[in-house]
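S.K.: Quick one: sequence and predicted model below, then my questions.
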Amino acid sequence: MNVETAPATVVICCRLPARIMATELADWVQLAHRSAAAITWVAGVDNLHTLGSVLSDQSGTTRIAVEADEVLLGSRQALRRTIAAVRQECGQLDAVVAAGGPAVPHRSLLVDEGIRALCVDRFEQVSRGSRRPAPHGWPCRSLLWGLWEVAGAAKPTFGPLGRVLHWRALRPLAPGTLSVLHVTATTDGASRTIRSRLERVLGLVTRRRARAPVNVIHLADLPDLLVGGDAARTGSVLKAA
């Protein structure tokens, strides 16, 4: 890949607060559309009904990932039931965001259920290596065919020091790099806080686009970008490597 001319690639994962109202979520979706930014809306099971009502009006342009904690990731039955429930309520689902520790004991189930992208806070130590190479410096790996994992930046705190460190972490977005940005809040239901942080992240991306190419993609689009399955739109970063 010609790093100097390649765009910075960004995945923005926005955790929806519990019991968010449909009108509020629709407003957030419109905010993302106005910024021409692909947002992956990360939802817990308590968001499903609201998500379903909003997604039905979005013509497939809005994408979600289900959040799975250690308990859910550790149970094949619960994981399968949750994926089925999300699809029944919201339609397409091919990405999962792991919450908590890095252990993912049932990767093969994720593949069998059609999950293609998995975001973790950090990679767990495993004996096997990645079956496919990732671009240099990209925090991605594929331990099983059909599933790409990406390690996202640590979810920031927004105290005085945390705010400074957070924006330093976002500052690079250099050509040829991949950044996974989490928009979340430590308090359940903090809609106003999450909305404010989403606006800040979208503003950052807009300012970067004024200076250099920035490609904002859904989490579920990452496998296609890596292997060139959507080459007409994005090209393959592996073929260009």
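M.R.: All right, it came through fine. Residues are numbered from 1 along each chain as shown.
S.K.: Follow the chain on from the longest strand belonging to the chain and name the next helix or strand.
M.R.: Counting by DSSP state E, the longest strand found in the chain is strand 8-15. Of the helices and strands lying after strand 8-15 in sequence (DSSP states H and E), the nearest is helix 22-34.
S.K.: residues near the closest residue to residue 145 other than its chain neighbours, how many?
M.R.: Leaving aside its sequence neighbours, residue 145 sits nearest to residue 131 (C-beta to C-beta, 6 or more residues apart in numbering; 6.1 Å). Using the backbone N, CA and C atoms, a C-beta is placed for each residue, glycine as well. By the measure other C-beta atoms under 10 Å, the count of residues near residue 131 is 13.
S.K.: Next, give phi and psi for residue 131.
M.R.: phi -80, psi -20 (degrees, to the nearest 10).
S.K.: low-scoring pLDDT stretches of this protein, where are they?
M.R.: 1-5, 56-61, 153-172, 186-189, 229-241 (pLDDT under 70).
S.K.: Regarding it, what is its longest helix?
M.R.: helix 191-209 (DSSP state H).
S.K.: what's the angle between that one and helix 22-34?
M.R.: 10 degrees (axes from the mean of the first three to the mean of the last three C-alpha atoms, to 10 degrees).
S.K.: Next, the buried residues of helix 191-209.
M.R.: Neighbour-count burial for helix 191-209, counted by 16 or more other C-beta atoms under 10 Å, picks out 191, 193-195, 197-198, 201-202, 204-205, 208-209.
S.K.: ditto for stretch 35-53
M.R.: So stretch 35-53, judged by 16+ other C-beta under 10 Å, has buried residues 35, 37-45, 47-48, 50-51.
S.K.: what's the answer for stretch 83-96, then?
M.R.: Here stretch 83-96 shows 83, 86, 89-91, 93-96 as buried, counting by 16+ other C-beta under 10 Å.
S.K.: That stretch: how far from the chain's middle?
M.R.: Relative to its chain's centre, stretch 83-96 lies at 15 Å (C-alpha atoms, centre = their mean, to the nearest Å).
S.K.: need the contact list for residue 54.
M.R.: 22, 25-26, 29, 62 (C-beta atoms under 8 Å, 6 or more residues apart in numbering).
S.K.: Okay, it and residue 62: tell me how far apart.
M.R.: Separation of residue 54 from residue 62 (C-beta to C-beta, to the nearest Å): 7 Å.
S.K.: joint contacts of those two?
M.R.: What both residue 54 and residue 62 touch, as defined by C-beta under 8 Å, 6+ apart, is the set residue 29.
S.K.: For this protein, which segments are assigned as strands?
M.R.: Going by DSSP E, the chain shows strands at 8-15, 39-43, 63-68, 95-98, 117-120, 140-144, 147-151, 178-183, 214-217.
S.K.: Dump the ones you listed into a markdown table; add distance to residue 76 as well.
M.R.: Compiled in a markdown table, these are given as follows (distance: least, C-beta to C-beta, whole Å):
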| stretch | distance to residue 76 |
| --- | --- |
| strand 8-15 | 25 |
| strand 39-43 | 21 |
| strand 63-68 | 12 |
| strand 95-98 | 14 |
| strand 117-120 | 16 |
| strand 140-144 | 15 |
| strand 147-151 | 15 |
| strand 178-183 | 26 |
| strand 214-217 | 30 |
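S.K.: on that earlier part again, next one: the longest strand of the chain to chain centre, how far?
M.R.: Remark: strand 8-15 is offset 6 Å from the chain centroid, using C-alpha atoms, centre = their mean.
S.K.: now swap in stretch 201-211 and tell me
M.R.: Worked out by C-alpha atoms, centre = their mean, stretch 201-211 lies 18 Å from the chain centre.
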